[in-house]
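Asks: Structure for this input, please:
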Amino acid sequence: MTQRMILNETAFFGAGAIRHLPEEVKRRGLMKALIVTDKALVAAGAVKRVTELMDAHQLHWALYDEVVPNPTIAVVQRGVEIFKRAEADYLIAIGGGSPQDTSKAIGIIINNPEFADVRSLEGFAPTRNPSVPLIAIPTTAGTAAEVTINYVITDEEKRRKFVCIDPHDIPVVAIIDAEMMASMPPALKAATGIDALTHAIEGYITRGGWKLTDMLHLNAIEIISQSLRDAVKGDIEAVEQMALGQYVAGMGFSNVGLGLVHGMAHPLGAFYNVPHGVANAILLPQVMAWNADYTGEKYRHIARAMGVSDVETLSLAQARQAAVAAVKQLCRDVGIPASLRDVGLKQDDIPALAQAALDDVCTGGNPREATLEAIKALYLQS
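Replies: Below is the predicted model:
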C-alpha cells in the first residue's frame, strides 16, 4: 500500500513573517494580486498591514473584500468576475477559513473555467490545471486552510455545505504570522482553536491515518492543548504556538481525511450559519465518546498528549473516558457553548441535518460506521 503527502511549496512561520511576502512575489515574477478578504479585516487594519508592505515594494494589487462566513457559491462567482476585471495573475488570501476557501475556489475556476458553476467542484474534483498562484496569510489559528487541499463552500439554495478536495488548490506560499492573529477576539480564538483540535483528533483516529500523519496529529494535539487557554487570554507566545499547532494538524488531516464531527458540523453551518469551530467544539466530545470502542489505544495517546497524568496506569476504558473528559474541560475553559440548543438547532431540522451529515465526504473517514439513526441520536444528545 502506498501513501501520499501533499504540502505547501514554501511556508514561513513566526511573528513578522509577512515581511517575506514581497520577495516571494518577485521571485515568482507575479504582476498583480487580487487580495481576497472580508470587510471586518479591512476595518481592523489587518489588510492594511499587507497592502502597505506591497506598496512599499511597488507591488500592484486589487481588493475583493466581500467574503462572508461560510462563503457561498455567489461569493466565489463574484470573486472570479473581480479577478478577471482586475487583470490579476495571482491571489492573496487574508483571513480565516472563509477567505482562504473562497480564494481556492476562485483560483481553481480561473484556470479550469468548466467548473464555473462551483457545484461541480464538490468531492474529488477532476480538475486538469493547478490554481492560479495563491499566497495564504491566515489571521486565525484554526482552519489550516493554508496547508490543505480542501475547501468548503455553502450552497444557499440547497441549504448545504459541500467539501471540495483537490491537490491543485493548495497555496504555493503560506505565511503563518502570529502578529496577524493577535487581534482576534477571545471567542474567535477559542472557536478556531477547538476547530484545530478537532482536525488533529479526527485526523488521528480517521480510517486513513498512518504512521507519519499520526505523528503530526499527536504533536498538534499536544501543542494546541498546552497553548489554547493562554492564547484566548491574549498571550502572544501562546498565539504563535497555536499558529504552529493548527498548521501541523493541517499537514496531517489534509492527506488522510477527517470524520463524523466535521460531517455533522458542516450542515449546522449551512442551516444556521453556526461558526464552524463552535459546531465542532460542541460535537467533538459526544462523537468521541460514540467512537471510543473503535479506536484501539489511540485515546490513551490523546489523553497523554493533552496532559492527563498517570495515563499508563488506567484501564483502556478509563483512558478513553479521560481523553473525552480532557476535551470537555478544554472546551469549558475557553468558553465554548455547551449544547447545540445554544446555537439555534431546531429539533424538526434533525432528519435533514442527519441526512446531510451522512452524505458529507468527511463522514466516510470516521472509525465507526455511521448510520442515519445514529447521527440523529448524536444531534439530539449534543
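Asks: okay, CA-based contacts and neighbour counts for the rest of this
Replies: OK.
Asks: how about the most centrally placed residue in the chain, secondary structure?
Replies: In the chain, the C-alpha nearest the mean C-alpha coordinate belongs to Thr143, at 2.3 Å (CA atoms, centre = their mean). Following DSSP: H, G, I helix; E, B strand; the rest coil, Thr143 is assigned to coil.
Asks: surely it meets Ala191?
Replies: No - contact criterion CA atoms under 8 Å: Thr143 and Ala191 do not qualify, at 10.2 Å.
Asks: next helix or strand past the host helix or strand of Pro99?
Replies: In this assignment (DSSP states H and E), Pro99 forms part of helix 97-111. Sequence order places strand 123-124 as the next helix or strand after helix 97-111, per DSSP H and E.
Asks: Give me the contacts around that following strand.
Replies: 162-166, 361 (CA atoms under 8 Å, 6 or more residues apart in numbering).
Asks: Stretch 26-38 too?
Replies: Contacting residues not belonging to stretch 26-38 are listed as 25, 47, 59-68, 83, 86-95, 99-100, 102-103 [CA under 8 Å, 6+ apart].
Asks: Would you mind writing the PyMOL command to select the buried ones in the residues you listed?
Replies: Buried residues among the contacts of stretch 26-38 (16 or more other CA atoms under 10 Å), as a PyMOL selection:
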select buried, resi 25+47+59+61+62+63+64+65+66+67+83+86+88+89+90+91+92+93+94+95+99+100+102+103
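Asks: Keep only those of the contacts of stretch 26-38 that are in helices.
Replies: Among the contacts of stretch 26-38, the ones falling in helices (DSSP state H) are 25, 47, 83, 86, 99-100, 102-103.
Asks: so which of these comes closest to Leu353?
Replies: Thr102 (23.8 Å; CA to CA).
Asks: what's the helix or strand for the nearest residue to the closest one once chain neighbours are set aside?
Replies: In this structure, Thr102 finds its nearest non-sequential neighbour in Val76, 5.7 Å apart by CA to CA, 6 or more residues apart in numbering. Per DSSP H and E: Val76 is located in helix 73-86.
Asks: Name the surrounding residues that touch that helix.
Replies: Identification of contacts with helix 73-86 by CA under 8 Å, 6+ apart yields 34, 62, 64, 66-68, 102-103, 105-107, 109-110, 116-119, 153-156.
Asks: How about stretch 292-305?
Replies: Contacts of stretch 292-305 (CA under 8 Å, 6+ apart): 201, 204-205, 218-219, 221-222, 225, 311-312, 316, 319-320, 322-323, 326, 367-368.
Asks: What ranges does the chain have for its strands?
Replies: With DSSP state E as the criterion, the chain has strands at 10-13, 32-36, 60-64, 90-95, 123-124, 134-138, 150-155, 160-165, 173-176.
Asks: Distance from the chain centre to the second one, please.
Replies: Taking the mean C-alpha point of strand 32-36 and that of its whole chain, the gap between them comes to 22 Å (CA atoms, centre = their mean, to the nearest Å).
Asks: For it, output the C-alpha coordinates as PDB.
Replies: Output of strand 32-36 as PDB, limited to C-alpha atoms (Å, rounded to 0.1, in the frame of the first residue of the first chain):
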ATOM      1  CA  LYS A  32      -0.800  41.900  -9.800                       C
ATOM      2  CA  ALA A  33      -2.600  40.400  -6.900                       C
ATOM      3  CA  LEU A  34      -6.300  40.100  -6.100                       C
ATOM      4  CA  ILE A  35      -6.400  40.300  -2.300                       C
ATOM      5  CA  VAL A  36      -9.400  38.200  -1.000                       C
END
